[in-house]
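Novice: predicted model and sequence below, questions to follow.
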Amino acid sequence: MTSTSYKQDKWYTTSCSHCTFTLPLRYKDLVLIEKKTYTTIVRATDTTTGKYVAIKKLLCPFRTHIYAKRTHLELKLLIYLNHHDAQVLQLCDVFTPERNVNDFQTLYFVLNFVEYDLHQVIQCYESITEERIKLIIYSLLRGLKFIHSAGIILWDLKPTNIGVDRNNNVTILDFGLARVAPIGSDIDYSPTRLWRAPEIYLNKKKCDEKIDIWSVGCIMAELILLKPLFSGKVTINQLNRIFDIIGTPDSKTLQEICIPDNTFSSCIASLVCKFLYMKVKFDANIRARSDSCSL
């Protein structure tokens with residue numbers, strides 16, 4: 001990552017999808033990628049390199065104590081994990097157009113641009129080959145191993161937060177909800193329901209990196225089925241879907257019942273199914289780790 005000091009006359013203001021951006025002159029031709037309540041992400045051309053970058057605008061990132069902590073942690077993690085060969089989003093620059101702390105209302109991250117996310121890949125194909133699934137999951141686990149080895153839990157891993165290129169190389173895109181392990185009981189946000197590990201529903205006092213492994217299992221199943229494995233519409237329905245597929249946990253041991261073999265097409269090798277079962281274990285204590293998974 002490089003940090004650049006921009007002169008005031010080297011900035012310009014423009015609009016993209018009704019969102020105002022004040023940027024250094026080097027970033028041109030904005031195209032909307034994603035818009036949320038407090039963040040907007042655009043693609044831009046870096047005129048100094050001729051390459052695309054992604055620019056993430058954080059609006060009022062310090063409006064509350066909780067959001068200030070999230071912003072600080074996201075920036076800290078992006079800097080800490082900045083490695084070119086780690087399947088992790090790379091922070092190229094960070095800046096604000098405001099010139100004094102009293103006016104500090106916006107923050108911009110400049111990130112490497114990834115053309116597709118995994119949700120788009122799933123939506124575009126009628127089937128995904130077993131070989132491609134293996135490559136994607138291997139690349140994802142490689143990135144997770146790097147992240148987990150740093151004592152970091154992603155917390156909200158899902159297809160829209162995973163970039164993928166034409167060679168099936170994965171980039172983990174979003175650290176906005178990542179946490180430093182261990183996660184305590186005072187967490188203020190639950191991961192997206194369809195990829196949420198069951199121990200989160202059970203109000204466990206501490207969650208570890210195994211919640212990310214559950215998400216990997218759900219994502220792998222989604223690559224096979226081309227739809228979410230556990231598609232509950234509300235929390236209780238989500239738990240019922242989990243119980244329907246992996247079995248109701250024993251009240252004493254909370255150990256899972258194996259997924260029925262007919263859940264997946266017979267074209268998927270039994271080795272791949274066994275690999276998937278390692279990840280969707282109800283009991284987090286026996287769920288596989290990112291560094292102990294291999295296809």
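Specialist: That came through, no problem. Numbers count the residues shown, from 1 in each chain.
Novice: where in the stretch 151-295 of the chain is pLDDT low?
Specialist: For the stretch 151-295 of the chain, applying pLDDT under 70 flags the ranges 183-190, 202-206, 250-274, 276-277, 279, 282-283, 292-295.
Novice: okay, the helix or strand harbouring Leu239 in CSV with CA atoms only?
Specialist: Using DSSP states H and E, Leu239 falls within helix 235-246. The C-alpha trace of helix 235-246 is given here as CSV (Å, rounded to 0.1, in the frame of the first residue of the first chain):
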residue,chain,number,x,y,z
THR,A,235,-34.2,-17.4,11.9
ILE,A,236,-36.3,-20.3,13.2
ASN,A,237,-37.0,-21.5,9.6
GLN,A,238,-33.2,-21.3,8.9
LEU,A,239,-32.5,-23.6,11.9
ASN,A,240,-35.2,-26.0,10.7
ARG,A,241,-33.6,-26.1,7.3
ILE,A,242,-30.3,-27.0,8.9
PHE,A,243,-31.9,-29.7,11.0
ASP,A,244,-33.7,-31.1,7.9
ILE,A,245,-30.4,-31.6,6.1
ILE,A,246,-27.8,-32.5,8.7
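Novice: what are the boundaries of the strands in the stretch 101-250 of the chain?
Specialist: With DSSP state E, counting those that start in this stretch, the ranges of strands along the stretch 101-250 of the chain come out as 106-112, 116-117, 152-153, 162-164, 170-172, 179-180.
Novice: which one of those lies closest to Val216?
Specialist: Across those, Val216 has its closest neighbour in strand 162-164 (9.9 Å, CB to CB). The way it works is simple: take the backbone N, C-alpha and C, and place the C-beta from them, glycine included.
Novice: I'd like the strands of the stretch 101-250 of the chain as TSV, with mean neighbour count and distance to Glu34 appended.
Specialist: Output for those, formatted as TSV (neighbours: other CB atoms under 10 Å; distance: least, CB to CB, whole Å):
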stretch	mean neighbour count	distance to Glu34
strand 106-112	20	12
strand 116-117	18	9
strand 152-153	22	23
strand 162-164	24	12
strand 170-172	23	15
strand 179-180	16	22
